[in-house]
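Asker: here is the input, now give the coordinates:
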Amino acid sequence: MQKMKLLLPALILSLLFFSCNNEDEPAITSGKARINILLTDAPYPIDLISSAFVTIDRVEIRQTSGAGMDEEADSFIVISEGEMDFDLLQLTNGITEHMGSADLEAGYYDMVRLHVTDATVFLKNGSRHDLKIPSGSSSGLKIKINPGIYIDEGQTADVLLDFDVSRSFIIRGNPNGNFNGFIFKPVVRGA
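Answerer: Numbering: from 1, shown residues only. Here you go, the predicted model:
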């Protein structure tokens, strides 16, 4: 029975692998493997940008029952208040910035809410682009903690928010020609 449990996932994976092969491709030569080299155009001109600032004035975390309660019934707890400016381009390669700490009740936590009040991109040519904040300062930017965390009494937990700059600051127009600034659509992952 143990061997069957191990063989079943391997069989399913191999079926998926072979079913995904493109029928238009020539067959692989016997005794060989195939590698595909792909080329894409990275649409984000990070080399043109000197800094990407966001200003956050409140950080909250949501305590939930974990039993599928309505979001409105769950409560957000303020972790920190006061304006904080972050240059997101400085937070790469493992560099983090502390946003706040609080002592909480033991329990299940599944979401962080950031109140973003300002976002600005500075280009290396000296130009500045102030960005409209989509509901960031009113209802806040909600970030699911995936998976949610349960904190026992006496434990400490860390939540890391990963702000994806390349997907959050969308270029309007062509940066090498008809450039019209940026649209701010924050993409943040919580873990």
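
Asker: for the helix or strand harbouring Ile183, name the packing helices and strands.
Answerer: Taking DSSP states H and E as the definition, one finds Ile183 inside strand 179-184. Packing contacts for strand 179-184, counted by 3 or more CB pairs under 8 Å, 6 or more residues apart in numbering; DSSP states H and E, involve strand 107-123, strand 169-173. To be clear about C-beta, it is placed using only N, CA and C from the backbone, and glycine gets the same treatment.

Asker: ok, and which of those has the densest surroundings?
Answerer: strand 107-123 (a mean of 19; mean count of other CB atoms under 10 Å).

Asker: can you pull the buried residues of the strand holding Ile183?
Answerer: 179, 181-182, 184 (16 or more other CB atoms under 10 Å).

Asker: same check on stretch 48-57?
Answerer: Neighbour-count burial for stretch 48-57 [16+ other CB under 10 Å]: 49, 52-57.

Asker: output the lowest mean pLDDT helix or strand found in the chain.
Answerer: helix 2-19 (a mean of 37; mean pLDDT, DSSP states H and E).

Asker: just the angle for the following helix or strand past it relative to strand 107-123, thanks.
Answerer: Later in the chain than helix 2-19, the nearest helix or strand by DSSP H and E is strand 49-64. On the basis of axes from the mean of the first three to the mean of the last three CA atoms, to 10 degrees, strand 49-64 is oriented at 160 degrees to strand 107-123.

Asker: quick check: mean pLDDT of strand 49-64?
Answerer: For strand 49-64, mean pLDDT rounds to 89.

Asker: what is the orientation angle of that strand with strand 179-184?
Answerer: 20 degrees.

Asker: partners of strand 49-64, with directions?
Answerer: strand 75-87 (antiparallel), strand 107-123 (antiparallel) (DSSP bridges).

Asker: now those as CSV including mean pLDDT and distance to Arg189?
Answerer: Formatted as CSV, the strands paired with strand 49-64 follow (pLDDT from 0 to 100; distance: least, CB to CB, whole Å):
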stretch, mean pLDDT, distance to Arg189
strand 75-87, 90, 16
strand 107-123, 90, 11
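
Asker: which stretch among these comes nearest Met99?
Answerer: Minimum separation from Met99 across these (CB to CB) falls at strand 75-87, 6.2 Å.
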